[in-house]
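*Asks:* next comes the sequence, and after it the predicted model I'd like to discuss.
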Amino acid sequence: MGFAAGDPRADVAALVAALDEQVGNVVDGVRARRGWENTVLWFMGDNGPEPGTGAASWPLRGAKRTLFEGGGREPSFVYAPGRVAPGASSAPVHVIDVAPTLLGLAGSAVPRGVDGVDARPGWRARAEDAATPRTLVLAYDAVNGCGAAVRGRFKYVLNAACGSLSPDYAGWEGDERAPFDACATRECLFDLERDPEERAAVAAAHPGALDALRAALLAAEAASVPSLVEITPGDDRAAPDRHGGSWVSWLD
C-alpha cells in the first residue's frame, strides 16, 4: 500500500524502512567478520510514539511520557540460534533486565549491585505464570508524585496527568472518557488481561489488588535505587535528597 505525499504515515513507513536497512547492515557486518555464531541480537523499543509525529500506539491508550500502556509497552525479539529457542511470550521484561539476561546467556554471574533479573525463564511463560522472573513492573516520578505498578493482570496508576504531554483524551467520549479523567489526578486500577486499552477502572471490584500495588509503588519510591549506593560507596552526590527526590548523574 502506498501513501500520498504529505501523509504522516509515509514518514513513518520511511523511518521503518531505514531502520530495517540499518539493522540489516549491522547483521551483515557481523556475519562478514565471522562473529555471527557468537552474537545475540536483541531488538526492542524504548517507549511509545511521540505525539504529533504521525505515529500512534492504537489501540493502546497513551503515548511517550505517559503512564498508560501506549507509553511503555513495546515489542521485542531476541535472535540467538542455539541459545534461545523459537517461540513467543507475553511475560513482562523491563529494560533493566537486559544486562542480567545477557550475562546469563554468556554464562557469567551477575555482579552484586546490578539491577534487574535474568528474563530467560519467562520467555516461554505466560505473564501470569509463576515461572516469570519479572513479577513486578514499576514506573514512578517521586518529584511529581505519580507512577504505575503492574503485577500479573492488574495495573495501578497514580496521578496519570503528571506524566502526560497533554490531558487531551481525544477519541474517548462519555462514559469511556471518565476513567482517564479520574486517573489524571488520583489513583486507578486496570485489568490488563481483559482491558489492555485501559478503558475501565476496576478498583472498586478489586480493592486487594489496589492496596497491594499501591504499597509496592510506595515501597519502591521509598527505597529509591539502593544499588547505586552499592556501586559508588561513600559518594552521595547523586542521592535523591540532594536533587528533589530523583537520582541524577553525580556530575550534575
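*Replies:* Nice, thanks for sending it over.
*Asks:* show me where this structure has strands.
*Replies:* Secondary structure of the chain (DSSP state E): strands at 41-44, 76-79, 137-141, 146-151, 154-158, 187-191.
*Asks:* residue 123: which of the ones you listed is closest?
*Replies:* For residue 123, the closest of the strands of the chain is strand 76-79, at 7.5 Å, according to CB to CB. Quick note: C-beta positions are derived from backbone N, CA and C, even for glycine.
*Asks:* dump the C-alpha coordinates for stretch 93-113 into CSV.
*Replies:* Provided in CSV are the C-alpha atoms of stretch 93-113 (Å, rounded to 0.1, in the frame of the first residue of the first chain):
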residue,chain,number,x,y,z
VAL,A,93,10.6,-7.8,30.7
HIS,A,94,12.0,-4.4,31.8
VAL,A,95,14.9,-2.7,30.2
ILE,A,96,16.9,-3.1,33.4
ASP,A,97,16.7,-6.9,32.8
VAL,A,98,18.8,-6.7,29.7
ALA,A,99,22.2,-6.8,31.4
PRO,A,100,21.5,-9.7,33.8
THR,A,101,19.9,-11.7,30.9
LEU,A,102,22.9,-11.1,28.6
LEU,A,103,25.3,-12.1,31.4
GLY,A,104,23.3,-15.3,31.8
LEU,A,105,23.4,-16.1,28.1
ALA,A,106,27.2,-15.6,28.3
GLY,A,107,27.4,-17.9,31.3
SER,A,108,28.6,-15.2,33.7
ALA,A,109,27.4,-14.4,37.1
VAL,A,110,25.5,-11.1,37.8
PRO,A,111,27.7,-8.8,39.8
ARG,A,112,26.3,-7.5,43.2
GLY,A,113,24.5,-4.3,42.8
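*Asks:* sort out which residues of stretch 210-222 are buried, please.
*Replies:* For stretch 210-222, burial by neighbour count (16 or more other CB atoms under 10 Å) applies to 210, 213, 214, 216, 217, 220, 221.
*Asks:* how far does it sit from its chain's centre?
*Replies:* Here stretch 210-222 is found 18 Å from its chain centre; the criterion is CA atoms, centre = their mean, to the nearest Å.
*Asks:* show the average pLDDT along it.
*Replies:* Here the mean pLDDT over stretch 210-222 is 84, rounded to a whole number.
*Asks:* give me the contact list for that stretch.
*Replies:* Contacts of stretch 210-222 with the rest of the structure, by CB atoms under 8 Å, 6 or more residues apart in numbering, involve 136, 138, 140, 142, 147-151, 154-156, 158, 187, 189, 203.
*Asks:* just checking, which of these comes out lowest on pLDDT?
*Replies:* Minimum pLDDT for the contacts of stretch 210-222 is recorded at residue 142 (67).
*Asks:* where in the stretch 1-150 of the chain is pLDDT low?
*Replies:* Applying pLDDT under 70 to the stretch 1-150 of the chain flags residues 1-11, 52-54, 126-128, 130, 142-143.
*Asks:* if you set the cut-off to 50 instead, what comes out?
*Replies:* Applying pLDDT under 50 to the stretch 1-150 of the chain flags the ranges 1.
*Asks:* and the helices in it, which stretches?
*Replies:* 8-32, 69-72, 98-105 (DSSP state H, counting those that start in this stretch).
*Asks:* give me the buried subset of the contacts of stretch 210-222.
*Replies:* For the contacts of stretch 210-222, buried by 16+ other CB under 10 Å: 138, 140, 142, 147-151, 154-156, 158, 187, 189, 203.
*Asks:* skipping its backbone neighbours, what lies nearest residue 36 in space?
*Replies:* residue 30 (5.1 Å; CB to CB, 6 or more residues apart in numbering).
*Asks:* good, we can wrap up now.
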